[in-house]
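Colleague: Below is the sequence, then the predicted model.
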Amino acid sequence: MSIRTIPRSTQPHHFGVPSIIESIVLLALLAFLVAVLIPFSPSYFPVPTRDAGLFLYAGKIIRQGGLPYLDIWDQKPPLIFYINALGLVLGGGSAEGVYWLKVALLLAGAAIGFRAMRRSFGVIPALFGTLVWMSYRPLLTKEGNIAEEYALPLQLAALALVVSAGKDRDEWKAWLIAGTLGGLAFLLKPTLIGAMLAAMVILIAPAVRAHAYRHAARAVLVFIGGMAIPIGASILIAFAQGYLPEYWSAVVLYAVSYAAVDQNSYAEIWARMLSLFQPAVLVTVGLGTIASALRILAVKRGASPPPALLGWALVALPLDACLLSLPHRSFMYYYLALLPTFSVLLASLLYLVQEGWRRVVRRPAQGVLSAGGVAIAVLIGSLTVGRIAYRDIVRTGVALAAPRPNTLEPVMNYLDRTTAPDDTVLIWGAEAGANFVSGHDAPTRFVHQYFLFMPGYVTVEMISEFSREVVDNPPQVIIDAVVTAPGGLPTLQSMWSGEWRGEAHDTVLEPAVVERWREWADWVRDNYTEDGTLGEWTMYVRT
């Protein structure tokens, strides 16, 4: 039995424009994206943020021949480490290579997403839909180089897959590609697969409606197989290179413990979202959701179906919302996962406004623009994203006129005076970016220690390993940067004075763990001398 995966919807020919105009709009969007990314290039944003700095350092270790988890510990799946390593290879060891690789990936995603929305909704809705995610990306992530940002092109490719599917003979390819995209997103962060799951739901929906359950089951199995390709490859590589136990511990076991502490309630998570997005965006996204649902429900038997992206957005929105809530955190960059869905919902609203106008006026013939409908769509789109887009352009102008100062420069100058090029430097806290910028490696794979204070995860053996690596390869300088690290870590001074009694994340660590930490802290006190402070960081030099 042959089941067409996606019924062919009537394309918005009445909103069509000459291809030259479409190309100009797309080029303008790509130029806008490059412009809003300029302030966050290493030339204008010289100090990497905490997570971005860690990923740069991990990329450096891998570029030097090291292995994730064995030579650099972090809880993220491995793909982002290898993206950074590739960028550093392309940039000759410079963060500029990572930046331009990111720009290239986002440009590709922008072109794919714009063309998908254009095919479904027309140029004007696609223009403003694309501007939504482009404009909000800097607000939610600033410098970027995080998993959610690299997932954007994958999410946009998933929605493009929904639009391009429809030929019976190629449907298995769509299932496989959707699964592979999901597997890649999983290797960035497991909670970023909502767009791909939504694509699969839409791809198999016709078979389910036709009660062709074997066909639907076959599709799901192919999708799972597609996901297994990159995930299985990463597991096989980890097994072959000897770090599979560390991989499992960091990515799976740590995630369970992490989700159990310092939890935000769901009310706090969604209140955070309401505070991050402008009311105009939230209103138009809400209206787009309602209008899309009504348009799908209003389809009469035998009539042309609405664009498949309407259904995709309605499925993706709750999926992404549930997935981003799983860690029980409300970090700004978590909400990047919603941007492709928001883009489609805004575009769908503008499309339905134009479609409604055409039906009311009943004058424009096929292929002729409805000036009134276009004008209304442009007005709604401008009121929704115009202000935020203008702010992004202003930020670029400011950055070009006055690049951000290098706040790490005093620390780098200090390290130049007190260390040799081959000396190691330990950052006590979570600021591995200082290791990357300074060129000094950490003496241990535990380049940040946040997880070593995670209740339910940390063990005496982990702390003993950390202590052994630091003692056997003593750093020339230890920088106490806990003040700017996430909560849960004590300062070295508080460990020496007895002020710290094992408190971590609103609980107390096991006595054996606390005792092992005290032993290491005493070794630091006996072998290092405080050498002043730089900003909020305290320097300790080896005696």
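Modeller: Received the coordinates, thanks. Residues are numbered from 1 along each chain as shown.

Colleague: Work out which residue lies at the spatial centre of the protein.
Modeller: Among the residues of the chain, the one closest to the centroid is residue 148, at 0.6 Å (C-alpha atoms, centre = their mean).

Colleague: In the protein, mark out all the strands, start to finish.
Modeller: Taking DSSP state E, the strands of the chain run over residues 425-428, 477-480, 503-504, 507-508, 528-534, 537-542.

Colleague: Include mean neighbour count when you put those into JSON lines, please.
Modeller: In this view, the C-beta of every residue, glycine as well, is placed from N, C-alpha and C. Formatted as JSON lines, these follow (neighbours: other C-beta atoms under 10 Å):
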{"stretch": "strand 425-428", "mean neighbour count": "25"}
{"stretch": "strand 477-480", "mean neighbour count": "23"}
{"stretch": "strand 503-504", "mean neighbour count": "18"}
{"stretch": "strand 507-508", "mean neighbour count": "12"}
{"stretch": "strand 528-534", "mean neighbour count": "14"}
{"stretch": "strand 537-542", "mean neighbour count": "19"}
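
Colleague: Nearest to residue 205, out of these?
Modeller: Smallest distance to residue 205 across these (C-beta to C-beta): 45.7 Å, for strand 507-508.

Colleague: Quick one: mean pLDDT over that closest one.
Modeller: For strand 507-508, mean pLDDT is 88.

Colleague: again with stretch 52-65
Modeller: The predicted model assigns stretch 52-65 a mean pLDDT of 97.

Colleague: thought the residue nearest to the centre of the chain was touching residue 338?
Modeller: No - if you go by C-beta atoms under 8 Å, residue 148 and residue 338 don't touch, sitting 9.9 Å apart.

Colleague: which residues are in contact with both of the two?
Modeller: Here residue 148 and residue 338 have no joint contacts, going by C-beta atoms under 8 Å, 6 or more residues apart in numbering.

Colleague: pLDDT score assigned to residue 316?
Modeller: Looking at residue 316, its pLDDT reads 97.

Colleague: ditto for residue 354
Modeller: According to the predicted model, the pLDDT of residue 354 comes to 86.

Colleague: Does it touch residue 128 like I think?
Modeller: No - contact criterion C-beta under 8 Å: residue 354 and residue 128 do not qualify, at 11.8 Å.

Colleague: Tell me the residues that contact both of these two, please.
Modeller: Shared contacts of residue 354 and residue 128, counting by C-beta under 8 Å, 6+ apart, come down to residue 377.

Colleague: Just give me how far the worst-scoring helix or strand of the chain on mean pLDDT sits from the chain centre.
Modeller: In the chain, the helix or strand scored least confidently by mean pLDDT, DSSP states H and E is helix 371-401, which has a mean of 83. Chain-centre distance of helix 371-401: 24 Å, with C-alpha atoms, centre = their mean, to the nearest Å.

Colleague: Report the buried residues of it.
Modeller: 373-374, 376-377, 380-381, 384-385, 388-389, 392, 395-396, 399 (16 or more other C-beta atoms under 10 Å).

Colleague: Would you convert these into a markdown table that also reports distance to residue 202?
Modeller: Output for the buried residues of helix 371-401, formatted as a markdown table (distance: C-beta to C-beta, whole Å):
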| residue | distance to residue 202 |
| --- | --- |
| 373 | 26 |
| 374 | 28 |
| 376 | 28 |
| 377 | 24 |
| 380 | 26 |
| 381 | 25 |
| 384 | 25 |
| 385 | 26 |
| 388 | 29 |
| 389 | 29 |
| 392 | 32 |
| 395 | 36 |
| 396 | 37 |
| 399 | 40 |
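
Colleague: so which two of the residues you listed are the farthest from each other?
Modeller: By the measure C-beta to C-beta, 373 and 399 form the most distant pair in the buried residues of helix 371-401, at 37.8 Å.

Colleague: before we move on, the earlier item: need the strands of the chain in CSV (columns: distance to residue 122).
Modeller: Below are the strands of the chain laid out as CSV (distance: least, C-beta to C-beta, whole Å):
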stretch, distance to residue 122
strand 425-428, 51
strand 477-480, 55
strand 503-504, 54
strand 507-508, 55
strand 528-534, 55
strand 537-542, 53
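
Colleague: Which one of these lies nearest to residue 211?
Modeller: strand 507-508 (52.1 Å).

Colleague: quick check, distance from that closest one to the centre of its chain.
Modeller: That offset, for strand 507-508, works out to 31 Å (C-alpha atoms, centre = their mean).

Colleague: which secondary structure elements does it contact?
Modeller: Judged by 3 or more C-beta pairs under 8 Å, 6 or more residues apart in numbering; DSSP states H and E, strand 507-508 is in contact with no other helix or strand.

Colleague: That strand: partners in the sheet, and parallel or antiparallel?
Modeller: The pairing partners recorded for strand 507-508 under DSSP bridges are strand 503-504 (antiparallel).

Colleague: Can you give the contact residues for the strand it pairs with?
Modeller: Under the contact criterion C-beta under 8 Å, 6+ apart, strand 503-504 has outside partners 453-455, 488-490, 509.

Colleague: Let's see that with 10 Å instead.
Modeller: Strand 503-504 has contacts (C-beta atoms under 10 Å, 6 or more residues apart in numbering) with 261, 450, 452-455, 458, 487-490, 494, 509, 513-514, 517.
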